[in-house]
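J.: Sequence first, predicted coordinates after that:
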Protein chains: 2
Amino acid sequence: MTSAEIHTTIHAMGNNARQAAYALGLLSAGEKNSILRAMAAAVRGNTDKIVAANSLDLATATEKGLNAAMIDRLRLDATRLEAIAAGIEQVASLPDPCGEVLAETTRPNGMRIRQVRVPIGVIAIIYESRPNVTSDAAVLCLKSGNATILRGGSEAIHSNKVLAEVLQTGGEIAGLPAHAIQLIPFTDRESVAVLAGMDRFVDLIIPRGGKGLIETVVSLARMPVIKHYDGICHTYIDKAADPAMAVRVSVNAKTQKPGVCNALETLLIHQSVAASMLPILAAAFRKKNVELRGCEKTLAILPDVVPATEEDWSTEYLDNILSIKVVDSLEDAIRHINHYGSHHTDCIISADAKAAETFLRSVDSACVFHNVSSRLADGEEFGFGAEIGISTDKLHARGPMGLRELTSYQYRVSGDGVIK
Amino acid sequence: MTSAEIHTTIHAMGNNARQAAYALGLLSAGEKNSILRAMAAAVRGNTDKIVAANSLDLATATEKGLNAAMIDRLRLDATRLEAIAAGIEQVASLPDPCGEVLAETTRPNGMRIRQVRVPIGVIAIIYESRPNVTSDAAVLCLKSGNATILRGGSEAIHSNKVLAEVLQTGGEIAGLPAHAIQLIPFTDRESVAVLAGMDRFVDLIIPRGGKGLIETVVSLARMPVIKHYDGICHTYIDKAADPAMAVRVSVNAKTQKPGVCNALETLLIHQSVAASMLPILAAAFRKKNVELRGCEKTLAILPDVVPATEEDWSTEYLDNILSIKVVDSLEDAIRHINHYGSHHTDCIISADAKAAETFLRSVDSACVFHNVSSRLADGEEFGFGAEIGISTDKLHARGPMGLRELTSYQYRVSGDGVIK
């Protein structure tokens, strides 16, 4: 594939996506839901075809010597495809965010202004490995009225191609506009660059993957990017913390699923309760096989803990490792979090309502929690019904992103010949 | 100034702005309003000093041979400074957007979730020539709780420096945190590049100026940019339009202030009313000295009109020029607008409510108007009380931007030891 061919193909996809977006914006909730149900049926009806394509990706992965966990993430079987189909039906059952009137006012000159929620238009999703993202992303974008251009990784290219085709073709039977769901057939880096430069046709890019991928997209993109950077989440145990709650919440935050962005990475504890509580906390964490790394004051209380380095405070372990720091005050904890954290989710454990309010107002993170485990920072837990990710950006969408966060708005104004 | 010095200076400003933003986020509405009133007083109290600095910029402009209109835009005198001071007081009188609870819910596990409006943090404004932007931008950002880094053009550098210093120093008397308002003392291009790369300290960049400036910032920025691109605004005269209203509204849209982004640039008219209405419209526009450029069908009705070229349909004249196109249908008008327009503000004149609704739902623009002049697309006219610009973006802020559009939100969650 030459560079010119990549450009031509991706630009044509962009233009087609824009036309599809205009048609999608006019569909009713009922029409979109019928399309989604037809897509779920198509996934079920094409199980063998999808599994066959997936087996090509699995064979390549085995040849390349990918580890068992990575190969498992790639795998699609009848059970997983049934889960994908059921997931599509679940999205069909959610309320349609579009058409909602966000504000309405009549001005003294008679102008009636309605601020109405509308689709964004064309959303590009750039992701790595897991083929189920193909369906998740396309389906959430469709429900919110957007056309999607998908660009998956090379490991899952055969699975992604067939899945995208099955979704588009299956949806068309129920009225899905042509080109509403498109997958870029190239997996080279140049296709990302072309996509990221195409601001005429793409309104938003969401990269789903590691920091390297996000950094690349950010440096290339001419349109808005919603980023899902890492989660260096903190739990601060205040001097007024209930000890049992502190143990229960922080152990849950660290160990319930250590490999995810809302897991605890650094525990902060007020100096006045460090001596009494750290030994209990350490015992609880060690029971769950968590490696502890501590500051000097922690080491004075827990001598057998690994000394933490400066790097630990800004590391997202995504593993059974926890750094611990003794802080002088609530303000010291807030300063540490704002400096070293990733502004994702941070928690205070305290029975002191005033301290909690200060923490919530002063920590500059998408989610600030009082007596709640950071693992609850999640679209499902927040009641969104679906989640496209957790934004670490402050513009447009911050924190868990559901269907509403995939929409824009438009001012629709009417009058009786109003002039200035 | 060496490259290293520029980097060091601007990075230090970024770090200082971040610290100022934390302090600003904790100020009450009353505290911010007192600061704003102190800033207005400082502008009044330093009129002579500001006028003296401005005279240096005026002298340079005269030396460089800038035209009279450009020199007039640069000028600050006692009257204009009084208007700036009064503008600051007006912003003090507006409601504070921060702290508003956007949504509140309690989940079955007892988690109470509040989505609270908070400042964005640090906003950089890059602008050209007019020194009053220094005050406008700083004041609106401050009212919404944000720290600002200003980077003005070389023509107004002396005025900008003194104005920014007067605002910061004047505000500090009433409790403005240090470094809340900072002006970059360099006007070279490298300072824009350094600022645009500093995503750790700057949450948002708003370029205010021509297309070239915006394009430069978009290509360099690693953080979100809110763009105020051009306004290629249309008025479509439907077959069901009231002729008198069509003339009144379209003449107002074109001629009330032709040099601004919400002025009319292309008139579309339904073929079935073109023969009867175009002569009346042409007479009305010519009475206002508007040059008309028409499509072939227009020329058949108005033979003395200049033929329009393909380029005319995508040109923002900002002048007494109007392109006219006869369209076959409502759908044809919508297609033309979505293809050639800039998605700013587009209007339909029609007595047919169904046609109007189709137009409003199908035109992909920030503002879609029915029987209202496009000149009404404006934050003041919308009742926002203040306007930082009109966004042609779809993410975060679309259309007129007021104080609310300078805010983000944060999820504040409390519970009684909720775990997953």
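T.: Arrived safely, thanks for sending.
J.: Neighbours of residue A:317, how many?
T.: By other Cβ atoms under 10 Å in any protein chain shown, 20 other residues sit near residue A:317. Yep, even glycine has a C-beta here, placed from its N, CA and C like the rest.
J.: residues in the stretch 101-250 of chain A within reach of chain B, list them.
T.: Residues of the stretch 101-250 of chain A found near chain B (Cβ under 8 Å from any Cβ of the partner chain) are A:105, A:107, A:109, A:111, A:113, A:120-121, A:199, A:203-204, A:218-219, A:222, A:224, A:226, A:242, A:245, A:248-249.
J.: among these, which are in strands?
T.: A:105, A:113, A:204 (DSSP state E).
J.: Using CSV, lay out those together with neighbour count.
T.: CSV is the format used below for those (neighbours: other Cβ atoms under 10 Å in any protein chain shown):
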residue, neighbour count
A:105, 11
A:113, 22
A:204, 24
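J.: wait, which of these is closest to residue A:55?
T.: residue A:204 (33.7 Å; Cβ to Cβ).
J.: Tabulate the ones in strands among the residues of the stretch 101-250 of chain A next to chain B (JSON lines), appending pLDDT and distance to residue A:80.
T.: Converted to JSON lines, these look like this (pLDDT from 0 to 100; distance: Cβ to Cβ, whole Å):
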{"residue": "A:105", "pLDDT": "97", "distance to residue A:80": "49"}
{"residue": "A:113", "pLDDT": "98", "distance to residue A:80": "47"}
{"residue": "A:204", "pLDDT": "97", "distance to residue A:80": "28"}
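J.: Would you mind confirming that residue A:158 is in contact with residue A:53?
T.: Yes - if you go by Cβ atoms under 8 Å, residue A:158 and residue A:53 touch, sitting 4.3 Å apart.
J.: which residues touch residue A:370?
T.: Shown in contact with residue A:370 (Cβ atoms under 8 Å, 6 or more residues apart in numbering or on different chains): A:347-348, A:350, A:356, A:359-360, B:412-415.
J.: list the buried ones in stretch A:354-366?
T.: Within stretch A:354-366, the residues that count as buried by 16 or more other Cβ atoms under 10 Å in any protein chain shown are A:355-356, A:358-366.
J.: Please list which of these are also close to chain B.
T.: Filtering these for neighbours of chain B using Cβ under 8 Å from any Cβ leaves A:356, A:360-362, A:364-366.
J.: Keep only those of these that are in helices.
T.: Among those, DSSP state H puts A:356, A:360-362 in helices.
J.: would you turn those residues into a markdown table with pLDDT?
T.: What follows is those, written out as a markdown table (pLDDT from 0 to 100):
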| residue | pLDDT |
| --- | --- |
| A:356 | 98 |
| A:360 | 98 |
| A:361 | 97 |
| A:362 | 97 |
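J.: Pick out whichever of the residues you listed sits closest to chain B.
T.: For those, the closest approach to chain B (Cβ to the nearest Cβ) belongs to residue A:360, at 4.6 Å.
J.: hang on, that closest one packs against residue A:368?
T.: Yes - counting by Cβ under 8 Å, residue A:368 is a contact partner of residue A:360 at 4.5 Å.
J.: hey, what's in contact with both of the two?
T.: Counting by Cβ under 8 Å, 6+ apart, the residues touching both residue A:360 and residue A:368 are A:348, B:412.
J.: Now residue A:241: closest residue in space, sequence neighbours ignored.
T.: residue A:349 (4.2 Å; Cβ to Cβ, 6 or more residues apart in numbering or on different chains).
J.: Show me which residues of the helix or strand encompassing residue A:169 are buried.
T.: Residue A:169 is part of helix A:157-172, with elements assigned from DSSP states H and E. Neighbour counts over helix A:157-172 (16+ other Cβ under 10 Å) mark A:157-168, A:170-172 as buried.
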